[in-house]
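[1] here you go, sequence then predicted model.
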Amino acid sequence: MIKAIFASVIVIHGFIHLMGFVKAFQLAEVNQLTQTIHKPVGLLWLISALLFITAVVIFLLNKDWWWMIAVPALVLSQVLIILYWQDAKFGTIANVIILAGIVIGYGAWSFNTMSKNELKIFVTSATSGKKVVTKDMLNGLPPIVQKWLERSNVTGNEVIYSVHLKQTGEMRTTPDGKWMPVEAEEWFKTEKPAFIWIADVKAAPGIHLAGRDKYENGKGYMLIKLLSLITVADAKGKETDQGAMLRYLAEIVWFPSAALNDYIQWEQIDSTTAKATMSYGGITASGLFKFDANYKVVSFEAKRYYDRKGGATLEDWFIQIEPNSYKEFEGIRIPTRPTVTWKLKEGDFTWYKLEITAIHYNRIKD
């Protein structure tokens, strides 16, 4: 709705500029304009109108560079309005509205450009191969982990080196906050563990949060921007590194053959629980995977740093997986609907519910 209203403002504003062209070339009577407009200036009114109309077409085509056309349109428009202030002064109101849209548009373009450049480097360095997982490769793993990998259809399929998935869901930023719709994409590499997660969160009509969570070379980086422009969070450091590592470890349920990598060590705790310890880039972190009677992963829990005003504290991080959410993607059987909860001293804080809608293996560059 807001997008349609904004586009309408640009269209109407653009067509109003045609009045200056019509007046200058005496194509029709324009009583609203009382000042004399010479033909060269009339052409400038026409150019401004065409630029606005071009910008709105690009905007409606969802091209994030539409603002590059809108900027010269706006500048030319405001110069003409100042020159013909007596007749055109109210056009400044429309230009202020359009300027606000341009600023937001620039933010989206800037954030998207940064993300695309990071992703281009990320996928260029992705490993590919045709190695197939055999039953012998599972030897040495705890029995319950072997059963999970077998039930996931890992054996007989290619080792997963790279992943590209899409997810939808909802999140909130405080325990009593409202749920906000989320659409996200995530890319993984497994030989040298890494991921990039790019999300768009609808905070309110016309207001969104752009998020990028990244883990590479043993380092974590979290960036969140309001309207893709105003930095809300820019986290890095040892606590972020540990949290990003745990996130990667928890998410191997979507690409199970990663459990075979040497940077993950497994220990069976009891008949339903296995401990995974990941060591990479000078950081070590552990978590517990729990399985049901059918060897499906039903939860993951670990100690992870929780960001607070007074400094991050180590808290219980718990992921609950719906057992009936398992589906096959490209032959691999994975869970698709997890819920993420912080188990804090002041009470549980469930903050993210998501669903995997699509996933591709070893085709990260597609």
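    Arrived safely, thanks for sending. Numbers count the residues shown, from 1 in each chain.

[2] residue ranges in the stretch 1-150 of the chain under the pLDDT threshold?
    Along the stretch 1-150 of the chain, segments meeting pLDDT under 70 are nowhere present.

[3] mind redoing it with 90?
    1-2, 21, 23-26, 28-36, 123-130 (pLDDT under 90).

[4] so which residues of it form helices?
    Assigned by DSSP state H, counting those that start in this stretch, the helices in the stretch 1-150 of the chain fall at 2-24, 39-60, 67-83, 85-88, 91-124, 143-151.

[5] for the longest one, buried residues please.
    I take that to be helix 91-124. Within helix 91-124, the residues that count as buried by 16 or more other C-beta atoms under 10 Å are 91, 94-95, 98, 101-102, 104-109, 111, 115, 118-119, 122-123. Yep, even glycine has a C-beta here, placed from its N, CA and C like the rest.

[6] just the last one next, same as before
    Applying a neighbour-count criterion of 16+ other C-beta under 10 Å, the buried positions in helix 143-151 are I144, V145, Q146, K147, W148, L149, R151.

[7] before we move on, what about stretch 178-187?
    Buried residues in stretch 178-187, counted by 16+ other C-beta under 10 Å: M180, V182, A184, E185, E186, W187.

[8] ok, so of the residues you listed, who is nearest V133?
    When those are ranked by distance to V133 (C-beta to C-beta), W187 comes first, at 21.3 Å.

[9] pull the contacting residues for the closest one.
    Residues in contact with W187 (C-beta atoms under 8 Å, 6 or more residues apart in numbering) are L119, F122, V123, S162, V163, H164, F195, I196, I364.

[10] now swap in K303 and tell me
    L314, E315, D316, W317.

[11] re the thing from before, grab the two from the buried residues of stretch 178-187 that are most spread out in space.
    Most distant of those, by C-beta to C-beta, are M180 and W187, 22.8 Å apart.

[12] hang on, the earlier thing: show me the two of the contacts of W187 that sit farthest apart.
    Most distant of the contacts of W187, by C-beta to C-beta, are L119 and V163, 13.3 Å apart.

[13] need the helices of the stretch 1-150 of the chain in CSV with distance to E322, can you?
    As requested, the helices of the stretch 1-150 of the chain are arranged in CSV below (distance: least, C-beta to C-beta, whole Å):
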stretch, distance to E322
helix 2-24, 34
helix 39-60, 38
helix 67-83, 42
helix 85-88, 60
helix 91-124, 30
helix 143-151, 16
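
[14] for T168, which of those is the nearest?
    Nearest to T168, of all these, is helix 91-124, at 18.4 Å by C-beta to C-beta.

[15] what packs against the closest one?
    helix 2-24, helix 67-83, strand 180-189, strand 194-204, strand 207-216 (3 or more C-beta pairs under 8 Å, 6 or more residues apart in numbering; DSSP states H and E).

[16] make TSV out of those and add distance to T127.
    Listed next are these as TSV, based on distance: least, C-beta to C-beta, whole Å:
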stretch	distance to T127
helix 2-24	40
helix 67-83	37
strand 180-189	7
strand 194-204	11
strand 207-216	14
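
[17] which of those is buried the deepest?
    Among the helices and strands packed on helix 91-124, the stretch with the highest mean neighbour count (mean count of other C-beta atoms under 10 Å) is strand 207-216, at a mean of 21.

[18] what pairs with that strand, and is each one parallel or antiparallel?
    strand 194-204 (antiparallel), strand 219-226 (antiparallel) (DSSP bridges).
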